[in-house]
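**Student:** A structural model of the following input is requested.
(2 chains)
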Amino acid sequence: MSGSEKDDIVLEVENLQVRFATLEGDVPAVNGVSFRMQRGRTMALVGESGCGKSVTSYAILRLIQRPGRITGGSIRFQPRQGEPVDVTALKEGEDELFGLRGGRIGMVFQEPMTALSPVHSVGEQIAETVRLHTEATPEQARTRAIEMLGRVGIPNPEQRVDQYPFEMSGGMRQRVVIAMALACSPDVLIADEPTTALDVTIQAQIIGLLKELQQELGASTLLITHDLGVVAQLADDVSVMYLGRVIEEADVRTVMKAARHPYTQALLQSLPGLSTEGDRLTSIEGHVPSPMEMPQGCPFHPRCPHAQPGLCDQGEPPAMQAVSDGHRVACARVHEIGGPS
Amino acid sequence: MNAPLLSVRGLSKHFPVYDKGFLRKQIGLVRATDDVSFDLMPGETLGIVGESGSGKTTAGRTILRAHAPTSGSVIFADGRGDSVDLATLSENALKPLRQRMQMIFQDPFSSLNPRMTVRDLVAEPLIIHRLARGDELEDRVVDMLQKVGMQPEHRMRFPHAFSGGQRQRIGIARALIMHPSLVVCDEAVSALDVSVQAQVINLLADLQQELGLTYIFIAHDLSVVRHICDRVAVMYAGKIVELAPTRQLFDSPRHPYTQALLAAVPDPDPDVVMNAALGGEVADPGNLPSGCSFHPRCPLATDHCRSDRPELREIVTDVGVRCHEARA
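**Tutor:** So this is what the prediction gives:
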């Protein structure tokens, strides 16, 4: 990778904090997340339920609703043309924020049935996005909708454009959602669990489509998922999250084959891989603690086989440290633990 | 070999579709589960896999008579009494048998009554069947909770106080407290995170050993099925299209649909490139294609497949395939 390419950061999240006010106190859903997305690449945010990966993606579009709020950090977005934008500083209702959502940053949601309006045809819904973000006339917007439907592999787009979501299967609907997200040629595409609600053969079709579109359109993609198989097939770079923090980041091969954080290692080992049979699965002891009872020290220490009393269970959570070029791990014992066993 | 615990023959469940008019004329028929046959040996785990709408859940429910079957027979013989045909038994005759066959559900959030404590949830089956009371009841609840890895001190808490994995343990305790012979696990680990999923899979395997359970394991996740099952039935559009021992099914899948299903699983190794995906959509069981239901998506389809419905044939010992083109 050349130096200039490496510096072409499209999105930079720095020490992001998101808290939800509840009756029992503030819940820190995202607790100091930092990462950088390079233009034209796909970065995956991976983690289990409650790790804060979806909240992070919502924060990028400023979609966090009360009682949640962004309490700290910055999100810097650098469009292809124009000045960088500090997303956290934008005011609600401002035109610039409006232009980001669905315009320069597109979003694909998990559940294609709830992401689409049941009372508008899919064509109207795509055209609406186009008309909100560009100067297009209704005819141009409709043409764009048909073009996008064709692009995402929907057969007979001229007829399909007037259909309603209920007339389509789950896989087709997800294609429509992708078409809508890409209709305004965004700089960044956020895909939140884009294949989780789909059957496995349909999931394979959508993975193939996303790969194809990546190569064709070169949109930088932020992929939010819990599925390590989907990560391996789609992502270039990976950030693993646990309890509201990024605990390991590297390129996809390094994470899948030479992970250094005990949590990432355990996560990979607990996969009932297609190649294992009969043996007991390696499971992670215990369960993810509630964010209300955040452990002292390293958030993973109560479940970690390598935890060392006096080191891992007190003070601040360990900071990210580099173990090799581009590979950073938040573990105090990373140099003693070594690679995957 | 011993006699099978369960012998399912030609089991079908069809749901009629009515129009919206006053006369409610029948306008269609959804063949949710169609002509399902298999034997299940005591202590065995049979996996049933398929995509949404393949009829796997309906098959599981019809076997336990949660649905009345349209046709077919389900012979159940667990050695604790005469062998009976569950498909035709009256509700009254069925009730005492219910304690010997139990179900574990997918969603631990909606399958547990939020107003009942853990103790009440786990004790309820024993109370309904009048199997225990007083101290014996309490002892059995505590014992069962320990077996599934829960702390008995937590038994006066309500389900909301527990995580997904722990709730699934409560569901398992509730199903197993009556010492059933047959347990149908319907997507029992699908809603759980990977690390917790592994714990629950290990727990189910341990309990099978300890209590001599026979499982029907319904799932859409092939890797989980591979891990836990002895034999696997693959369903497509209501029918079993391949039934084989797990290793054979995964090493040499013979039905083109099984092959496509295995190829569609995203590999966690980034250097393994996924093959071209299967085109088309899952067949609609309310409007099945002629001949083989899979032919519109099948790369091997011939005119024969478009006109004639294939039967499940045993092409190698223990391997049944519903395909005209499959060869040994």
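
**Student:** ok, then the element right after the longest helix along chain B?
**Tutor:** In chain B, taking DSSP state H as the definition, the longest helix is helix B:194-211. Next helix or strand after helix B:194-211 toward the C-terminus (DSSP states H and E): strand B:214-219.

**Student:** how far off strand B:214-219 does the longest helix of chain B point, in degrees?
**Tutor:** 160 degrees (axes from the mean of the first three to the mean of the last three CA atoms, to 10 degrees).

**Student:** list the contacts of helix B:194-211.
**Tutor:** Contacts to helix B:194-211, defined as CB atoms under 8 Å, 6 or more residues apart in numbering or on different chains, come from residues A:48, A:226, A:228, A:266-267, A:270-272, A:280-284, A:287, B:43, B:45, B:147-149, B:163-165, B:168-169, B:172, B:176, B:179, B:185, B:188-189, B:192, B:213, B:215, B:224, B:227-228. Quick note: C-beta positions are derived from backbone N, CA and C, even for glycine.

**Student:** buried stuff in it?
**Tutor:** B:194-205, B:207-208 (16 or more other CB atoms under 10 Å in any protein chain shown).

**Student:** list buried residues within the contacts of helix B:194-211.
**Tutor:** The buried subset of the contacts of helix B:194-211 (16+ other CB under 10 Å) comprises A:48, A:226, A:228, A:266-267, A:270-272, A:281-284, A:287, B:45, B:147-149, B:163-165, B:168-169, B:172, B:176, B:185, B:188-189, B:192, B:213, B:215, B:224, B:227-228.

**Student:** any stretches of the stretch 1-150 of chain A with poor pLDDT?
**Tutor:** Residues of the stretch 1-150 of chain A meeting the criterion pLDDT under 70: A:1-7.

**Student:** right, and chain B sits closest to which residue of it?
**Tutor:** Ranked by CB to the nearest CB, the top residue of the stretch 1-150 of chain A for proximity to chain B is residue A:48, at 3.9 Å.

**Student:** surely that residue and residue B:164 touch.
**Tutor:** No - Residue A:48 lies out of contact with residue B:164 (CB atoms under 8 Å); the separation is 10.0 Å.

**Student:** now the residue nearest to the spatial centre of chain A: how far from chain B?
**Tutor:** Closest to where the C-alpha atoms of chain A average out (CA atoms, centre = their mean) is residue A:224, at 2.7 Å. Using CB to the nearest CB, to the nearest Å, we find residue A:224 at a distance of 14 Å from chain B.

**Student:** name the helix or strand for that residue, please.
**Tutor:** Using DSSP H and E, residue A:224 falls within strand A:220-225.

**Student:** need the residues of the stretch 1-150 of chain A near chain B, please.
**Tutor:** Neighbours of chain B within the stretch 1-150 of chain A, by CB under 8 Å from any CB of the partner chain: A:48-49.

**Student:** let me see the ranges of the strands in the stretch 1-150 of chain A.
**Tutor:** For the stretch 1-150 of chain A, the strands defined by DSSP state E, counting those that start in this stretch cover A:9-22, A:25-38, A:42-46, A:68-77, A:85-86, A:105-108.

**Student:** partners of the strand holding residue A:224, with directions?
**Tutor:** Taking DSSP bridges as the criterion, strand A:220-225 forms sheet pairs with strand A:42-46 (parallel), strand A:188-192 (parallel).

**Student:** now the strands of the stretch 1-150 of chain A as CSV including mean neighbour count?
**Tutor:** Shown next, in CSV, are the strands of the stretch 1-150 of chain A (neighbours: other CB atoms under 10 Å in any protein chain shown):
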stretch, mean neighbour count
strand A:9-22, 18
strand A:25-38, 19
strand A:42-46, 25
strand A:68-77, 17
strand A:85-86, 15
strand A:105-108, 26
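
**Student:** and these as JSON lines, adding distance to residue B:37?
**Tutor:** JSON lines is the format used below for the strands of the stretch 1-150 of chain A (distance: least, CB to CB, whole Å):
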{"stretch": "strand A:9-22", "distance to residue B:37": "52"}
{"stretch": "strand A:25-38", "distance to residue B:37": "50"}
{"stretch": "strand A:42-46", "distance to residue B:37": "42"}
{"stretch": "strand A:68-77", "distance to residue B:37": "53"}
{"stretch": "strand A:85-86", "distance to residue B:37": "63"}
{"stretch": "strand A:105-108", "distance to residue B:37": "42"}
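
**Student:** that older thread, list the contacts for the residue of the stretch 1-150 of chain A closest to chain B?
**Tutor:** By CB under 8 Å, 6+ apart, the contact set of residue A:48 is A:226, A:242, A:267, A:288, B:193-196.

**Student:** likewise for residue A:107?
**Tutor:** Counted by CB under 8 Å, 6+ apart, residue A:107 has contacts A:57, A:61, A:101, A:181, A:189-192.

**Student:** many thanks, I have nothing further to ask.
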